[in-house]
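[1] Show me how the following folds:
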Amino acid sequence: AEWALRDHLTYGRAANAWTAMGDKKIAPADALLRAMYRGVIGLHAGEYVAGSRAMDRAWTLVDDRYSKRVSVGAASLLTSDATLPYYPGITERMFIPYYGALNWLARNELDETAVEARRLSALLAAEGEDQPPAELRGMLRYVSGVLFEAAGERQDAIVAYRNAASLMGSLPGDTTFASRDSGDVVVLIEEGFVGRPEPRNFGVYMNGDELVALTSGSDDSRLAVARTLERRHYDSSFDRTQVGWLTYEVNWASFGAPSRIEGRIGVRTNPSEFTLASADVTAAVRQDFERELPAKLSRAIARTAVRWAATRAADRAFSDAAKKRDDDDDDSKGWGSFFLGLGLAAATVTSAAIDQPDLRAWQLLPDRLSVARMRLPVGDHPIEVVRGDEVVSLGTVTVRPGGMAVLTHRWWPGPGRTLMQTTQGVNVAER
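    Numbers count the residues shown, from 1 in each chain. Take a look at the predicted model:
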């Protein structure tokens, strides 16, 4: 259903995408994902109040779900990961304050913009958790510096730029504060759509002892055996033709390719080119996905083994019921075994129906994020985005003394890619 939202945005129908979020058949069922989607769509539909509220709700829900998180491994040994409350990876979490800040900035709410920049900085500084690649961390550090600077928080901006430089090396544009005869224009450019999980089947081979461990062992032993089966799947030396292996398929997900726009992008004015830096968002989201892959796949294998054992038990119960009736020539005999088999069969069917791969993700994130910056004289300046032979005007920006103008720009994939969204942030004339 999320593809309908992508389609609306790609063809410049942001208002339709916003309306479609009210349709339960299209909007994500999970409350957190719904809020995350609303924040992105609200920015492009001009629904900045609702967009900023949605991102604030998303931040609260993430915090609440983290504090209430129980053992996901134990819970999803009984049911699919897709039925659990959605919890985003670290990269997706970082884009919550990012989009929150852009919505607040579009409303000229500078204090709230600074709050979101601090949230983003806190996530980037968090220890004890795997972080996105340095390329994206540096980019988001730089963005937080831009947000702090736009909000008039000079010291926080200096720290953010320093942290960005340690990760990126050279920074796009001049990050020293402009004098009163000039100002800065910053363009945040988002390209395409991020890669997403896609369904697939995963072949599993096991022996009898492994089946016993998976169906009757502790949670830890189940996961340990499932990891062994996962390694066996990828082992090119494993002989699948040996007699005695139990084989079946597991419902699973792999990470798909992004909706990528090829070619170098540039930003210019009169006709000088801005200094530009880019980061791969898809690579960071893929890293988060693959980090969780072993545990999720192990749980899926364990669930499949339990379901397989239940099916065998149901078959035996039905056979016992039939044998008792035949041996005693009495139709009243064997009904206990029959109903046991019926219950096991029903439980197996239900388990199979709900044990679908978890394909949930924030599918509206960009494939790539770029930042372009240039210091310009005070006055009006036309800004253009260029890719190959395509030139798109972002309008005229008024540069004020010592000020900063922030533009956000999304280059959509597909035939509607020239239909773009530009949001001009506030000019900070006095800092």
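[2] residues of stretch 277-290 that come out buried?
    Using 16 or more other CB atoms under 10 Å as the test for burial, stretch 277-290 gives 277-289. C-beta coordinates here come from the backbone N, C-alpha and C atoms, glycine included.
[3] Now the element after the helix or strand harbouring D184, going C-ward?
    Secondary structure assignment for D184, by DSSP states H and E: strand 182-191. Using DSSP H and E, the helix or strand that follows strand 182-191 in sequence is strand 197-206.
[4] C-alpha coordinates for that next one, PDB please?
    C-alpha atoms of strand 197-206 as PDB (Å, rounded to 0.1, in the frame of the first residue of the first chain):
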ATOM      1  CA  PRO A 197      12.700  -5.200   2.500                       C
ATOM      2  CA  GLU A 198      11.300  -7.700   0.000                       C
ATOM      3  CA  PRO A 199       9.800 -11.100   0.500                       C
ATOM      4  CA  ARG A 200      11.800 -14.300  -0.200                       C
ATOM      5  CA  ASN A 201      12.000 -18.000   0.700                       C
ATOM      6  CA  PHE A 202      14.900 -19.400   2.600                       C
ATOM      7  CA  GLY A 203      15.800 -23.200   2.300                       C
ATOM      8  CA  VAL A 204      16.600 -25.000   5.600                       C
ATOM      9  CA  TYR A 205      18.400 -28.300   6.100                       C
ATOM     10  CA  MET A 206      18.500 -30.000   9.500                       C
END
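[5] quick one: strands adjacent to it?
    Paired strands of strand 197-206, with direction, are strand 246-255 (antiparallel) (DSSP bridges).
[6] Flag every buried residue along the strand it pairs with.
    For strand 246-255, the neighbour count (16+ other CB under 10 Å) marks 248, 250-253, 255 as buried.
[7] could you say what helices and strands the helix or strand following it packs with?
    Next helix or strand after strand 246-255 toward the C-terminus (DSSP H and E): strand 265-269. Judged by 3 or more CB pairs under 8 Å, 6 or more residues apart in numbering; DSSP states H and E, the packing partners of strand 265-269 are strand 182-191, strand 275-280, strand 368-377, strand 379-387.
[8] who touches the following helix or strand past strand 265-269?
    Remark: after strand 265-269, the chain's next helix or strand is strand 272-273, criterion DSSP H and E. Surrounding strand 272-273, the residues in contact under the criterion CB atoms under 8 Å, 6 or more residues apart in numbering are 266-267, 374.
[9] Between those residues, which sits nearest E149?
    Proximity of these to E149 was ranked by CB to CB; the top entry is M374 with 14.5 Å.
[10] Could you report the separation of the closest one from F274?
    To F274, M374 is 4 Å away according to CB to CB, to the nearest Å.
[11] Also L407?
    In this structure, L407 and F274 are 11 Å apart, going by CB to CB.
[12] Between these two, which contacts overlap?
    What both L407 and F274 touch, as defined by CB under 8 Å, 6+ apart, is the set 185, 187.
[13] Looking at the two, which is more packed in?
    F274 (23 against 20; other CB atoms under 10 Å).
[14] show me the contacts for that one.
    F274 touches 172-173, 185, 187, 266-268, 372-374, counting by CB under 8 Å, 6+ apart.
[15] same thing but at 10 Å, please
    Going by CB atoms under 10 Å, 6 or more residues apart in numbering, F274 touches 172-173, 185-187, 189, 266-268, 370-376, 383, 385.
[16] Where does pLDDT dip in the stretch 301-431 of the chain?
    305-355, 414-431 (pLDDT under 70).
[17] Spatially nearest residue to L297, not counting backbone neighbours?
    E230 (5.5 Å; CB to CB, 6 or more residues apart in numbering).
[18] Wait, that neighbour touches M206, no?
    No - under the criterion of CB atoms under 10 Å, E230 makes no contact with M206, lying 11.1 Å away.
[19] who touches both of the two?
    Counting by CB under 10 Å, 6+ apart, the residues touching both E230 and M206 are I301.
[20] out of those two, which sits in the busier spot?
    Counted by other CB under 10 Å, E230 and M206 do not tie: M206 has more neighbours, with 22 against 19.
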